[in-house]
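K.L.:
No sequence on hand, only this structure:
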């Protein structure tokens with residue numbers, strides 16, 4: 001199991017790579033969509049890139065994402081309630097989970113600690129895993145922005161099979177050989 005640094009430390013690690021990945025993912029978002037945005041520093045980069053006049057509905061369990069949404073006058077932003085997970089700056093627990101049962105999103109942008117073709121999507125924190133599983137069920141498509149060092153890495157708590165991920169956005173070119181096993185499992189690569 002890898003050590004997961006604090007949100008503040010992760011926010012500056014490979015920031016340019018995360019920014020470039022978020023720029024690729026931005027093309028998936030269309031006016032009028034309902035989005036579910038999980039915690040994570042790459043997801044915060046994505047929100048930073050949203051056009052200020054775009055009309056969207058965004059549900060999030062990320063406190064930094066919710067704070068940033070205050071700058072977007074045409075976004076109907078909803079912070080999922082619950083207990084605060086300090087390390088991730090997210091909400092977890094029964095209230096957040098209950099809210100997810102009432103949501104249906106076009107796209108979910110999921111933050112994830114590890115991605116592996118055999119183990120699937122994994123997390124270091126069990127409480128986050130429960131929320132992420134509910135996010136998958138509440139969404140038409142699941143997208144994850146993954147820096148390449150998270151590929152083929154595993155953490156102790158399973159979120160879902162790799163097939164529960166529809167689109168993976170990375171800094172690598174889609175034909176990079178390290179991505180071949182993910183393509184073979186049906187994951188679209190951007």
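P.N.:
Nice, thanks for sending it over. This structure is a prediction, so every number in the text was calculated from the model and none was measured.

K.L.:
How about residues contacting stretch 135-144?
P.N.:
Here stretch 135-144 makes contact (CB atoms under 8 Å, 6 or more residues apart in numbering) with 25, 28, 36, 38, 100-101, 103-112, 115, 121, 159-160, 164-169. The way it works is simple: take the backbone N, C-alpha and C, and place the C-beta from them, glycine included.

K.L.:
can you pull the buried residues of it?
P.N.:
For stretch 135-144, the neighbour count (16 or more other CB atoms under 10 Å) marks 135, 136, 138, 139, 142, 143, 144 as buried.

K.L.:
cool, stretch 179-190 as well?
P.N.:
In stretch 179-190, counting by 16+ other CB under 10 Å, buried: 179, 182, 187, 189.

K.L.:
pLDDT of it, averaged?
P.N.:
Averaged across stretch 179-190, pLDDT comes to 97.

K.L.:
Can you pull up the most central residue in this structure?
P.N.:
A centroid search over the chain (CA atoms, centre = their mean) returns residue 110, at 2.0 Å, as the residue closest to the centre.

K.L.:
residue contacts, it?
P.N.:
Residue 110 neighbours (CB under 8 Å, 6+ apart): 38, 40, 121, 132, 135, 136, 142, 143, 144, 159, 165.

K.L.:
how about a cut-off of 6 Å?
P.N.:
38, 142, 144 (CB atoms under 6 Å, 6 or more residues apart in numbering).

K.L.:
for the second one, helix, strand, or coil?
P.N.:
State at residue 142, reduced to three classes by DSSP: H, G, I helix; E, B strand; the rest coil: strand.

K.L.:
per-residue confidence for it?
P.N.:
99.

K.L.:
ok, it to residue 74 distance?
P.N.:
As for residue 142, its distance to residue 74 is 25 Å (criterion: CB to CB, to the nearest Å).

K.L.:
now swap in residue 190 and tell me
P.N.:
Taking CB to CB as the measure, residue 190 falls 25 Å from residue 74.

K.L.:
Next: residue 133.
P.N.:
According to CB to CB, residue 133 stands 31 Å off from residue 74.

K.L.:
more crowded one of these two?
P.N.:
Remark: of residue 133 and residue 74, residue 133 carries more neighbours, 17 against 12, as counted by other CB atoms under 10 Å.
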